[in-house]
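>>> sequence first, predicted coordinates after that:
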Protein chains: 2
Amino acid sequence: MISQKAKYALRALVALVKAPPESSLMISEISRQQAIPKKFLEQILLELKRHGIVMSRRGRLGGYVLLKPADRITFGEVLRLIDGPIAPLPCLSKIAYRRCSDCSDEGTCEIRHVFQRVTFATRDVLDHTTLADAVKHKRLPELAD
Amino acid sequence: MISQKAKYALRALVALVKAPPESSLMISEISRQQAIPKKFLEQILLELKRHGIVMSRRGRLGGYVLLKPADRITFGEVLRLIDGPIAPLPCLSKIAYRRCSDCSDEGTCEIRHVFQRVTFATRDVLDHTTLADAVKHKRLPELAD
DNA sequence: TATATCCCCACTGGAACACTCGGCATTCGG
DNA sequence: CCGAATGCCGAGTGTTCCAGTGGGGATATA
């Protein structure tokens, strides 16, 4: 399960993508529109700003805009900076690798091997799906169910 | 990230699969062999027993054995009963569906749509990989990286 | 009967989650 | 230049979850 915070972050970003081009949205606007607690959203957007995904203007008529184009922001990127590693095991994480303390040899660890396949499959979706893809309802050829 | 508990459960089960056929392993044996805290392992195995995955014998020379054949126990099954739903959003879970309180329409939710693809990809691996597969080091044709 | 094993319940310390509060800094309209 | 509206920032809080630990009871074997 992804965190509520990550869900809020993605919804806020989707709202920004859908906004008329070059116009900005205020925290309170996004908060109302998406039913996200205002103060919580505030710190989420701040975090996205620190990571260079959005920018803001203060004061009257302030608000937020995307800093990077929507087709350059992936779900994986957002998820990693809000929730941390995507990999289901620390020994499979790109951004926060840590060997399992109790695992003697990663090469022969049966569990790791299985979850490695999970990780690849997950990354394949999250690192190649952008906000632009999401709002375009672009359906990639689905894998067999 | 899967929980430590789930990791322990899978390691314990792998140990049982690898044990000489029809022979049982004691908690203390698995605990030592796999470096799992004994009392914690105790309640994990108990949980696996309640769900019909292993069975036990008490008293001197007691221990645990697999109840179902190794090729009928999937990673998904074990993970769900220890960690709960696999899906990254409650509105995508098979075993614990709950609609997102703030989402007006699931059909048009951009976030849900993306994570649905993640869910399918994940389930595809976890629900079709068994303990037998894991110990056999059976390499299925890998998806492109 | 003594001992080794599994069974069961309760508890706990720490971390993470999902917020909330209060106040400061900046910008714009008038 | 003032005041109101906005974003910025640090701290705090209640709840839940995680990862165990402890103490005893039931059961089977030597």
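Looks like it arrived, so ask away.
>>> please make it C-alpha for all contacts and neighbour counts, starting now.
Noted.
>>> in space, what's closest to residue A:19 - neighbours in sequence excluded?
Computed as C-alpha to C-alpha, 6 or more residues apart in numbering or on different chains, the closest residue to residue A:19 that is not its neighbour in sequence is residue A:25, at 7.6 Å.
>>> so the one you found makes contact with residue A:66?
No: Residue A:25 sits out of contact with residue A:66 when judged by C-alpha atoms under 8 Å, with a separation of 9.9 Å.
>>> tell me the phi and psi of the residue of chain A found nearest DNA strand D?
Proximity to DNA strand D, evaluated over chain A using C-alpha to the nearest atom of the strand, is greatest for residue A:26 at 3.2 Å. Residue A:26 adopts backbone torsions of phi -90, psi 160, taken as degrees, to the nearest 10.
>>> correct me, but it touches residue A:60?
No: look at residue A:26 against residue A:60 with C-alpha under 8 Å: they stay out of range, at 10.0 Å.
>>> more neighbours, these two?
residue A:26 (18 against 7; other C-alpha atoms under 10 Å in any protein chain shown).
>>> what sits against that one?
A:61, A:62, A:63, A:64 (C-alpha atoms under 8 Å, 6 or more residues apart in numbering or on different chains).
>>> at 10 Å instead, please
Neighbouring residues of residue A:26 by C-alpha atoms under 10 Å, 6 or more residues apart in numbering or on different chains: A:16, A:42, A:56, A:57, A:58, A:60, A:61, A:62, A:63, A:64, A:65.
>>> now the buried members of the residues you listed.
Buried members of these, counted by 16 or more other C-alpha atoms under 10 Å in any protein chain shown: A:16, A:56, A:63, A:64, A:65.
>>> got the angle for the longest helix seen in chain A vs helix B:110-126?
Ordering each helix of chain A by length in residues (DSSP state H) puts helix A:110-126 first. Relative orientation of helix A:110-126 and helix B:110-126, computed by axes from the mean of the first three to the mean of the last three C-alpha atoms, to 10 degrees: 150 degrees.
>>> returning to what we had before: out of the contacts of residue A:26, name the ones that lie in strands.
A:56, A:57, A:63, A:64, A:65 (DSSP state E).
>>> how about the residues of chain A by DNA strand D?
A:25-28, A:39, A:42-43, A:45-46, A:55-64 (C-alpha under 7 Å from any atom of the strand).
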